[in-house]
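Asks: give me coordinates for this.
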Amino acid sequence: MHHPAPPRPAATDWLSVVALGIVWGATFLVTELALAGVTPAWLAAGRVVTAAAVTAAIWRLAGSGRLFTTAARSPGGLAIVGAFSTAVPFLLLAWAQTHVTSAFAGVSMAAIALIVLPLSHLLLRDEALRLDRVAGLLVGFAGVALLLGGDALRATGDPLEPVGRLACIGAACSYAVASVTIRRLPPVDPLGLAATSLLIGSAVVVPLALLLEGPPALPDAVTLGWIVLLGVVPTAGANMLRVLVVRRAGPVFMSLTNYQVPVWSVIFGAVILGEPVRPGLFAATALILGGIALSQRRALAAIFARRRAG
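Replies: Numbers count the residues shown, from 1 in each chain. Below you'll find the model as predicted:
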C-alpha cells in the first residue's frame with residue numbers, strides 16, 4: 001500500500017468538515033421520511049445508484065479520465081472503499097433505523113472517530129496515537145453522550161433492537177475502515193475515486209437488495225424525490241468532498257465530522273419538526289468543539305502560523 005505524505009489540514013478542510021457535518025446531520029431526518037415509502041435495502045440501493053450516476057457523469061465531463069495517476073495500483077483497496085464507504089453502511093443503517101432510536105444511531109456514528117484512531121495508528125505511518133488526540137476525541141464523544149443522554153440507550157421494545165444496534169456499530173466500523181483505506185491508496189484522481197467507489201458500491205448493493213427484499217415496488221413521487229435528494233446531496237456531493245478531505249487531511253481529521261452530526265441532527269429536528277431543544281445542547285456543543293480543538297491543536301496552530309507568516 002502507498003504511504004502518503006503527512007496530513008496538513010488547511011482552512012478549507014475545516015470548512016469542508018463543517019459542511020459535511022451539516023449535510024449528514026440532515027440525512028437522518030430525510031432517511032426517516034423516505035422509509036415511509038420504500039423498504040430499507042432499496043432505499044440504500046436508490047441512494048448509491050443515483051449518486052454513482054451523478055458522480056460518474058461529472059467525472060466524465062470534468063475529470064482527467066484516469067483513476068490512478070501513477071503506475072501504482074490497488075484494486076483490493078479500491079474494492080474495500082467501494083463496498084465499505086457506501087453499500088455496506090447504507091444497508092446496515094437503513095435497516096437499523098427501523099428498529100433503533102435515532103439517538104442511538106447518532107451515538108454510533110460519533111463512535112467512528114474512536115474506531116478510526118487505533119486503525120490509523122496501526123495502518124498509517126503519519127497518524128500516530130498521540131495523547132492530545134485521544135483526549136480530544138474522548139471529550140468530543142462525551143459531548144455527544146451528554147447531548148443524546150438516556151435516549152441513546154432507551155429501549156424501543158422492538159425484538160430486533162439488539163441486532164439493529166449491532167448493525168449501527170457495524171456501519172460505524174465500515175466507515176472507519178473505508179476512511180483509512182482511502183488514505184492508503186496510491187495517488188488517484190479524487191473525482192475518479194468518488195465515482196469508481198460508488199459504481200462498485202452499486203454493484204454490491206443492488207444484488208443484495210434483490211436478495212433481501214425481492215424486486216422493488218415503484219415508489220410514489222414524494223418518496224422518489226427523497227431518494228434522489230439523498231443520492232445527490234449527502235451521497236454524491238458529500239462523497240466527493242469526503243474523498244478530498246481524507247486524501248489531503250487524513251481519516252482522523254475527517255472523523256471529526258461524526259461528532260457534529262448528532263448536534264446538527266438535533267438542531268434540524270427542533271427547527272424543522274418542532275422537536276423540543278434538548279437541555280444539554282449548548283454544553284454538549286461546547287464539549288464537542290473543545291474536544292475537536294484539543295485533538296487538532298497542532299493543525300490549528302499550523303494554520304494560524306501560516307496566516308501570520310503570510
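
Asks: list the buried residues in the one helix or strand residue 264 maps to.
Replies: Using DSSP states H and E, residue 264 falls within helix 257-273. Neighbour counts over helix 257-273 (16 or more other C-beta atoms under 10 Å) mark 257-269 as buried. For every residue, glycine as well, the C-beta is placed using N, CA and C.

Asks: so, low pLDDT: which residues of the stretch 51-200 of the chain?
Replies: Within the stretch 51-200 of the chain, the stretches with pLDDT under 70 are 63-64, 151-153.

Asks: can you give me the helices in it?
Replies: Secondary structure of the stretch 51-200 of the chain by DSSP state H, counting those that start in this stretch: the helices cover 75-82, 88-96, 102-110, 112-123, 131-148, 161-184, 190-213.

Asks: relative to residue 43, which of those helices is closest?
Replies: helix 88-96 (4.9 Å; C-beta to C-beta).

Asks: show me what the closest one is packed against.
Replies: If contacts are counted by 3 or more C-beta pairs under 8 Å, 6 or more residues apart in numbering; DSSP states H and E, helix 88-96 sits against helix 40-62, helix 161-184, helix 190-213.

Asks: ok, which of the ones you listed comes nearest residue 34?
Replies: Nearest to residue 34 among the helices and strands packed on helix 88-96 is helix 40-62 (5.5 Å), distances taken as C-beta to C-beta.

Asks: can you list the residues that contact the closest one?
Replies: With contacts defined as C-beta atoms under 8 Å, 6 or more residues apart in numbering, helix 40-62 is touched by 31, 34-35, 38, 86-87, 90-91, 93-95, 97-98, 189, 191-192, 194-195, 198-199, 201-202, 205-206, 208-209, 212-213, 216, 227-228, 230-232, 235-236, 239-240.

Asks: please apply the same query to stretch 123-139.
Replies: For stretch 123-139, the external contacting residues (C-beta under 8 Å, 6+ apart) are 3-7, 113-114, 117-118, 120-121, 180, 183-184, 250-252, 255, 287, 290-298.

Asks: centre-most residue in the protein?
Replies: Centroid check for the chain by C-alpha atoms, centre = their mean gives residue 175 as the closest residue, at 6.3 Å.

Asks: sorry, back to before: now a ChimeraX select for only the buried ones of the contacts of helix 40-62.
Replies: To isolate the buried members of those in ChimeraX, using 16+ other C-beta under 10 Å:
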select :31,34,35,38,86,87,90,91,93,94,95,97,189,191,192,194,195,198,199,201,202,205,206,209,213,216,227,228,230,231,232,235,236,239,240
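
Asks: next, format the buried residues of helix 257-273 as TSV and append distance to residue 62.
Replies: Shown next, in TSV, are the buried residues of helix 257-273 (distance: C-beta to C-beta, whole Å):
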residue	distance to residue 62
257	25
258	29
259	32
260	29
261	29
262	34
263	33
264	29
265	32
266	36
267	33
268	31
269	36
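
Asks: tally of neighbours for the residue lying closest to residue 144 once chain neighbours are set aside?
Replies: Closest residue to residue 144 apart from its sequence neighbours, by C-beta to C-beta, 6 or more residues apart in numbering: residue 110 at 4.1 Å. By the criterion of other C-beta atoms under 10 Å, residue 110 has 28 neighbours.
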